[in-house]
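K.L.:
just coords:
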């Protein structure tokens, strides 16, 4: 029953849903419908005005800062722009969160984690490159690698294919599926890209006017009895 108002506009109005362990849930909706706001509330980058959020058995809204940071380590968040540090190489970008959040690991253990993670997203050969030297698709994969290196249980993807050409978008979609298979994570994918939703999702929810108006598989919603729902899939 999540609510959020921005500048007098009701962005979220009673949103409720569950994420099932091991599934990929796609959240569809037109621009400005509150999709990104919703997932930012999940990790409390944005504070909801009302409602409750329970993630991995923790009450997100009422957590103290230390407890919230501990929870965030278990939740990967892939921002639209990748959010890499421009002054660090790709390897250093992955080592940074390990040094900060996994102080108990040895240097060798951290280096092995970085190597394995870069290989899992096909970026090991680019490990010494700076972010400015990476293509748009490589930056997306690099952002995902930095998310994966902490071995999260949940990953939140914010418009993972935005700004990419169709070929690169397909690669990112395939990578999201592969990550789920390799790491057995639970994922939420915010997107307006129907090809992305179809390729990666187990379930889809449609956000409109502050609430979910439909939920189901891609095929179920594409053949929905309500024409308004079907129109999303044309």
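P.N.:
Yep, it's here. Treat the numbers as computed from the prediction; the structure is a model and nothing was measured.
K.L.:
what sits against residue 10?
P.N.:
3, 4, 210 (C-beta atoms under 8 Å, 6 or more residues apart in numbering). C-beta: built from backbone N, CA, C; applies to glycine.
K.L.:
Over to residue 115: give its phi and psi.
P.N.:
Dihedral pair for residue 115: phi -60, psi -50, per degrees, to the nearest 10.
K.L.:
Count the neighbours of it for me.
P.N.:
Residues lying near residue 115 (other C-beta atoms under 10 Å) number 14.
K.L.:
Kindly report the same for residue 182.
P.N.:
Residues lying near residue 182 (other C-beta under 10 Å) number 10.
K.L.:
mind checking how far the residue lying closest to it once chain neighbours are set aside is from residue 38?
P.N.:
Among residues not flanking residue 182 along the chain, residue 120 sits closest, at 6.2 Å (C-beta to C-beta, 6 or more residues apart in numbering). From residue 120 over to residue 38 the distance is 28 Å, taken as C-beta to C-beta, to the nearest Å.
K.L.:
out of the two, which sits in the busier spot?
P.N.:
Each of residue 120 and residue 38 has its neighbours counted (other C-beta under 10 Å); residue 38 has more, 26 against 19.
K.L.:
where does stretch 49-67 sit relative to the chain's centre, distance-wise?
P.N.:
Relative to the chain's own centre, stretch 49-67 is displaced by 18 Å; criterion: C-alpha atoms, centre = their mean, to the nearest Å.
K.L.:
Narrow the contacts of residue 10 to those in helices?
P.N.:
If you go by DSSP state H, the contacts of residue 10 have nothing in helices.
K.L.:
now those in TSV, with neighbour count, distance to residue 77 and pLDDT?
P.N.:
Listed next are the contacts of residue 10 as TSV, based on neighbours: other C-beta atoms under 10 Å; distance: C-beta to C-beta, whole Å; pLDDT from 0 to 100:
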residue	neighbour count	distance to residue 77	pLDDT
3	17	22	96
4	22	18	96
210	18	22	90
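K.L.:
Counting by contacts, list what the longest helix seen in the chain packs against.
P.N.:
For the chain, the helix that runs over the most residues, judged by DSSP H, is helix 166-183. Applying 3 or more C-beta pairs under 8 Å, 6 or more residues apart in numbering; DSSP states H and E, one finds that helix 166-183 makes contact with strand 24-28, helix 107-120, helix 136-148, strand 186-191, helix 194-200.
K.L.:
what do you get if the cut-off is 10 Å, keeping everything else the same?
P.N.:
strand 24-28, strand 75-78, helix 107-120, helix 136-148, strand 154-158, strand 186-191, helix 194-200 (3 or more C-beta pairs under 10 Å, 6 or more residues apart in numbering; DSSP states H and E).
K.L.:
On the C-terminal side of the last one, identify the next helix or strand.
P.N.:
Taking DSSP states H and E as the definition, the helix or strand that follows helix 194-200 towards the C-terminus is strand 203-208.
K.L.:
partners of that next one in the sheet?
P.N.:
Using DSSP bridges, strand 203-208 pairs in its sheet with strand 24-28 (parallel), strand 211-216 (antiparallel).
K.L.:
Go through those and pick out the most buried.
P.N.:
Of all the strands paired with strand 203-208, strand 24-28 carries the top mean neighbour count, a mean of 25, counting by mean count of other C-beta atoms under 10 Å.
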